[in-house]
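1. 3D model of this:
(chains A and B)
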There are 2 protein chains.
Amino acid sequence: MTLESILNAESVAIVGASKDPTKRGLQTIRSLVDEKYEGRIYPVNPKEKKILGFTCYKKVSDIEGDVDIALIALPARMVPGILEDCGKKGVKGAVILAVGFGETNAEGKALEQEVLAVAQKNNIRLIGPNTSGMMNVASGLNLVGLQDTPKGSIGLLSQSGNMALTLITEARLKSLKGFSYYIGVGNEADIKFHEYLNFFRNDPKTNVVLIYVEGMREGRKFLQQAYQTSLKKPIVLLKSGHSLTGQRSAGSHTGALAGISEVARSAFKRAGIIVIEKSDQLFPVAETLASLPPLKKNQVAILADGGGHATIAADILTDLSIEVPVLSEKTRAKLEKILPQAASISNPVDIAGGADADPTIFADCAEILLKDKNIHGLLVVGLFGGYGIRFSKSLGLMEEDAAHRLGKLVVKTKKPIIVHSLYGSEKSHPLHLLRYYNIPVYDSLDVASKCMGALGEYESYLSSYHAKASFVLNRGVKRNPKALKIINRAGKEGRSVLLEHEAKQLMAFHGAPVTRDHLAKTAAEAVEFAKQITGAVALKIVSPDILHKSDAQGVRVNLRTEKEIRKAYADILKNAKAYKPDADIRGILVSPMAERGTEVIIGTKIDDQFGPVIMFGIGGIMVEVLKDVAFRVLPITYNSAKKMIREIHSYPILRGIRGTPPCDETALRRLLLTCSEVIESYEEIREMDLNPVIVHQKGISVVDARIIL
Amino acid sequence: MTLESILNAESVAIVGASKDPTKRGLQTIRSLVDEKYEGRIYPVNPKEKKILGFTCYKKVSDIEGDVDIALIALPARMVPGILEDCGKKGVKGAVILAVGFGETNAEGKALEQEVLAVAQKNNIRLIGPNTSGMMNVASGLNLVGLQDTPKGSIGLLSQSGNMALTLITEARLKSLKGFSYYIGVGNEADIKFHEYLNFFRNDPKTNVVLIYVEGMREGRKFLQQAYQTSLKKPIVLLKSGHSLTGQRSAGSHTGALAGISEVARSAFKRAGIIVIEKSDQLFPVAETLASLPPLKKNQVAILADGGGHATIAADILTDLSIEVPVLSEKTRAKLEKILPQAASISNPVDIAGGADADPTIFADCAEILLKDKNIHGLLVVGLFGGYGIRFSKSLGLMEEDAAHRLGKLVVKTKKPIIVHSLYGSEKSHPLHLLRYYNIPVYDSLDVASKCMGALGEYESYLSSYHAKASFVLNRGVKRNPKALKIINRAGKEGRSVLLEHEAKQLMAFHGAPVTRDHLAKTAAEAVEFAKQITGAVALKIVSPDILHKSDAQGVRVNLRTEKEIRKAYADILKNAKAYKPDADIRGILVSPMAERGTEVIIGTKIDDQFGPVIMFGIGGIMVEVLKDVAFRVLPITYNSAKKMIREIHSYPILRGIRGTPPCDETALRRLLLTCSEVIESYEEIREMDLNPVIVHQKGISVVDARIIL
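-> Model (predicted):
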């Protein structure tokens, strides 16, 4: 069942219809009538005959006509029975408002499972439970009870009814834009974020998707849908709850460093989502993206009347990676001709009182600026729209003229204009005109500048988009039979950990440059193996019972002579037995000492929301003390491996500092991709920890590896 | 001349008075009349007889009565002559509007100097030039031409007329609070930020100072005044221009790392200033601080109707170091009694629709929450003030009742309440009532939460205030005669750099634990000195012509035998001559090898705006690659030395990681204080660079030092 027929339902049953004006059962019917819903409306209540003139039914299955969707406005415990009845009628979808399900306790969770089972049995798709409802703004299918939602092209998904109300109120009070749909996702018992997103991608009425989320059930599927959607239309998202999630306990050393927020943020951005940090920027950014042509290149002009606003805007744009470039000589000459002497004709352009007698100069300047080939957008800051208020009404008429011209300029040049006005909250004619022409107007400099930044961010994403980062795990295709053998052997032995040499072998089957090790069962074997190795060797204990080899004093390095090796062998065995007397010791690994280079750490784990993720950082202090790490949801591409390496603060160490040669970044990238391939191929692997990996001037060595199944 | 008599002038001359309504010369007279200024008004214009009924004078000196202040609304070139004439009349102060002074070019700078000289000769204090004017809101002395400035207790200092207009407009449209004074500081030719601040500190009409600044001329004096002021009343400040100032070139290695913004931010905070990063938070924070009792402890409750707003607010408060603590059992029991079952009675408290029938429940909850001894403030988020709008008018009356009770609750409990309402921009009665009771209302969650954060920040400052961080340089009191000799010797030799051993000696005179070095003139001397040292030694070239010893291969370390020392001595000499054939070589320094420990770097330089500043960081990668450094304006206290050490990200390294023992933090603190004392004592020192300093488990060693005069 596609969501289309539910979200565009042509008939709706209101189960729990009522005559009480404080009840959703009446409010909803009123809303449907008020919003001129053209579909059929069927109140359902065994105790009433008619509500607001509509015939009332005892139960859904009594209704004669088809019923596309049912709004269930009754307590949780009644929902399963109602759904059974809906099933008889062939209802396609149901919106469940009630609380008291999975968000409460075990009992509620069980009830939610029961409801889901009944729905699935009856082929009914569920919105909610614990939702404020859904609304098809264009068709008037308003199952929320919220009036006056402005129509428009923003598709709204929210995990909080209050945030939806906030955004809708903001749109109504401060904007001419509005919404195509609102869906309160509630507990996501059945339909989840990613399915709604899929719907919005294909919905012709929606051109921007706006999301408020606290947590999601199917993070990876969401990313997959987001990745595909953002190539067609922008997604603007605010994720809250970082302070409440707290620290996640994780078994492996590297996993313990993972902050879920960091993973989510980088994953969202990689899926092309515009991630918003401040709630008061959420609607404006969506509005801007729904209104304006793209910012083709990250270069804009700032046009101001006076210095302060321009300085602040320049700061913010710079922080958002938007350039405010020097204007061409030609542009400056043209500006010089029309502006007063005190004006600044660099960028930002400060007209310095040049509008006091005639604000149409804003349009003159805008026309000149947008002709400059290095200028791809314009941010007007200051008083525009308020000259008529502040000085004289005649100036207001000139401002209207300027507003017309600015509006047409956007159409003609296909370059975006955003206006900050300190009179933005007053509804002056010129500002209204700007909005009419799809030019967003804000009374906050921060918001206006952020919106320009978002235009730039979205366009940068589209232009740097790389076809393979689709978040789809191509499970199993590269499974290597020998590697599977290793995994299976551990399984048979009841081990959840691969031994170091096993983990390395597995990695080597996929082309990872692991150190060439030998497992010695006796000291003599160790000496023999050492002879085959050029240079010094390291000896390491191998035991499924000793995970932290150093803690057990199970490692000796830089061994050169037979005597040293024999002594080390004996010492390690003794230490291991002292550490864990009944440890199952499989032997001692003889490894060559790796060439010099920079130590890095690579780890993977399974994130609850997003599935397999990878972490990378420079070994030692950088990871342990400074938490200077980069995360990516797997699989990664060559490109994202590159970005990952370069986004850590300590990246210059890899590039070479204080005269040390640069490390082999290409080899490191390849290794990250190998890890990605391995995790993709073997669902069995839960965690991987390559620590240390030494990146040489040429090449790379995996010195130690651990894999947890 | 104190500013008081100027800012409270009882008579004003308008020089350049006019009949043209577009001219400041008319607008200002109108404003004075409109605002009911009770002082005398004297238009000055040789061509007019009367303006708006006021007798017009040919020149200021023609006026019969006293003239406290003159507004000069004429072009720059005319200003010196007018000031001369003002001098004859005994005018105390002048506001110079004209542009074309120091902000333009050399000619303008010269004119500004001339104007200043004329003013000083005539005992006239100047506001501006290049200012939008000044305004005493209470007395109606409005020399800005801005109408409708709301009266209140916020003293406004701005370097941008536009930002002042923005803040005043915001106050007028969105608040019931207002201003005591507005002063456009302009070019600060005469009166500077710190003098205005001093005025505001003592002004009984002002209880919060609000500052917009792009750059200041006398940063240190400003800090001194700010330090004293913020103990009496809060200062709220936005500094913009960080993207334009760009990278400051600095001579010394450590100086080059200094970002002026970082220095400014840390200095402002240390002076107790609430530093604002987002322009749309500037007025609200000032308004809140002007309205509410202090947040005695950083613990608040969040009261919401629905989850989303509460989650976002909790995130923001947590980020601002405001705790949202668990409520006491008693409090929870009381809440449980009055709230519906679906409500959350943890903190945040979610009344979950409990207000749908009666919003006075907000007041009930607030009363319960503010009785909890772990709750020192309350943030109400959501729809309050909009129930009457959204649902039914009768709810609006209940909201008014609740607003009265909330207002009285603040008075009674002396605990602050801030309200976020998505209806904040609609002027509903309940919201108006809240504002009337000094409870700030915002329609942005970010802004409302930030305001609570600011209350906490200010109170934390007051409670942690340490008497000695007053930014006053106690110049010269600790000058050591022997140290002066070293400085003077360099001066006589025309050197601007102290040699390593000289710099160390100077530091040692102030108690710094420098390595005990000897300057050897021959290899034999070097060998002799080395014998007096336990353990290995280092040899380093000493030459005023070789600043970077390593570059010249002028350092050899870990020398143990006589042979090694002799060879090193010869090598260093040879290398130095190869590096710079005509270098003036003073000898070779024989130093003990420092014990093991953690390398740190300490540097000082003279900042253009703030004077002497000190920098501290952990040597090597932490400073060079990660720029992980802390700055302070000198002098510092023992307390600020401690904070400085602990604020770098890599601080855990000093505390000891991976089983290494902790470093001697006390010794490090003492050394920072010694540096502070040295810089305070010798104005001659421009830069100091201690690199490396080794912090041991016990004690600390300054291994290399450089001082630039």
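2. show me where the stretch 1-150 of chain A dips below the pLDDT cut-off.
-> Scanning the stretch 1-150 of chain A for pLDDT under 70 picks out the ranges A:1.
3. next one: phi and psi at the residue in it that chain B sits nearest to?
-> Of all residues in the stretch 1-150 of chain A, residue A:99 sits closest to chain B, with a separation of 5.1 Å (C-beta to the nearest C-beta). All C-beta spots, glycine's among them, are computed from the backbone N, C-alpha and C. Dihedral pair for residue A:99: phi -90, psi 180, per degrees, to the nearest 10.
4. what about it, neighbour count?
-> 21 (other C-beta atoms under 10 Å in any protein chain shown).
5. next: residue A:656.
-> 13.
6. and if you look at residue A:49?
-> As a burial measure, residue A:49 scores 8 neighbours (other C-beta under 10 Å).
7. what sits against it?
-> A:55, A:56 (C-beta atoms under 8 Å, 6 or more residues apart in numbering or on different chains).
8. quick one: it from residue A:23, how far?
-> When distance is defined by C-beta to C-beta, to the nearest Å, residue A:49 is 17 Å away from residue A:23.
9. could you find the closest non-adjacent residue to the residue in the stretch 101-250 of chain A positioned nearest to chain B?
-> Chain B sits closest to residue A:160 of the stretch 101-250 of chain A, with a gap of 2.5 Å, by C-beta to the nearest C-beta. If the residues on either side of it in the chain are set aside, residue A:160 comes closest to residue B:308, at 2.5 Å by C-beta to C-beta, 6 or more residues apart in numbering or on different chains.
10. pull the contacting residues for the one you found.
-> Residue B:308 sits next to A:158, A:159, A:160, A:161, A:162, A:163, A:166, A:212, A:214, A:240 when contact means C-beta under 8 Å, 6+ apart.
11. 7 Å - rerun?
-> By C-beta atoms under 7 Å, 6 or more residues apart in numbering or on different chains, the residues touching residue B:308 are A:160, A:162, A:163, A:212.
12. assign it to helix, strand or coil.
-> Under the three-state scheme (DSSP: H, G, I helix; E, B strand; the rest coil), residue B:308 adopts helix.
13. need the residues of the stretch 401-550 of chain A near chain B, please.
-> Within the stretch 401-550 of chain A, the residues that sit near chain B (C-beta under 7 Å from any C-beta of the partner chain) are A:422, A:423, A:425, A:426, A:444, A:445, A:446.
14. what subset of the residues you listed is buried?
-> Listed as buried from those are A:422, A:423, A:425, A:444, A:445, A:446; burial here means 16 or more other C-beta atoms under 10 Å in any protein chain shown.
15. distance of the third one from residue B:448?
-> Using C-beta to C-beta, residue A:425 is found at 17 Å from residue B:448.
16. try the last one
-> The spacing between residue A:446 and residue B:448, counted by C-beta to C-beta, is 15 Å.
17. returning to that earlier point: okay if I get the buried ones among the residues of the stretch 401-550 of chain A next to chain B as TSV plus pLDDT and distance to residue B:289?
-> Formatted as TSV, these follow (pLDDT from 0 to 100; distance: C-beta to C-beta, whole Å):
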residue	pLDDT	distance to residue B:289
A:422	92	22
A:423	93	26
A:425	87	23
A:444	95	20
A:445	95	21
A:446	96	20
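18. would you map the helices across the stretch 501-650 of chain A?
-> A:523-531, A:562-579, A:621-624, A:638-647 (DSSP state H, counting those that start in this stretch).
19. now swap in the stretch 51-200 of chain A and tell me
-> A:79-89, A:106-121, A:161-174, A:193-202.
20. contact partners for the residue of the stretch 1-150 of chain A closest to chain B?
-> Residue A:99 touches A:76, A:130, B:342, counting by C-beta under 7 Å, 6+ apart.
21. run through the residues that contact residue A:655.
-> Contacts of residue A:655 by C-beta under 7 Å, 6+ apart are residue A:662.
22. check the helices of the stretch 501-650 of chain A for me and report the most buried one.
-> Among the helices of the stretch 501-650 of chain A, the stretch with the highest mean neighbour count (mean count of other C-beta atoms under 10 Å in any protein chain shown) is helix A:621-624, at a mean of 21.
23. any residue of that one up close to chain B?
-> Yes: using C-beta under 7 Å from any C-beta, helix A:621-624 reaches chain B at A:621, A:624.
24. now do the same for that helix: mean pLDDT, whole number.
-> For helix A:621-624, the mean pLDDT works out to 82.
25. repeat that for stretch A:359-374.
-> On average, stretch A:359-374 scores 97.
26. no further questions, thank you.
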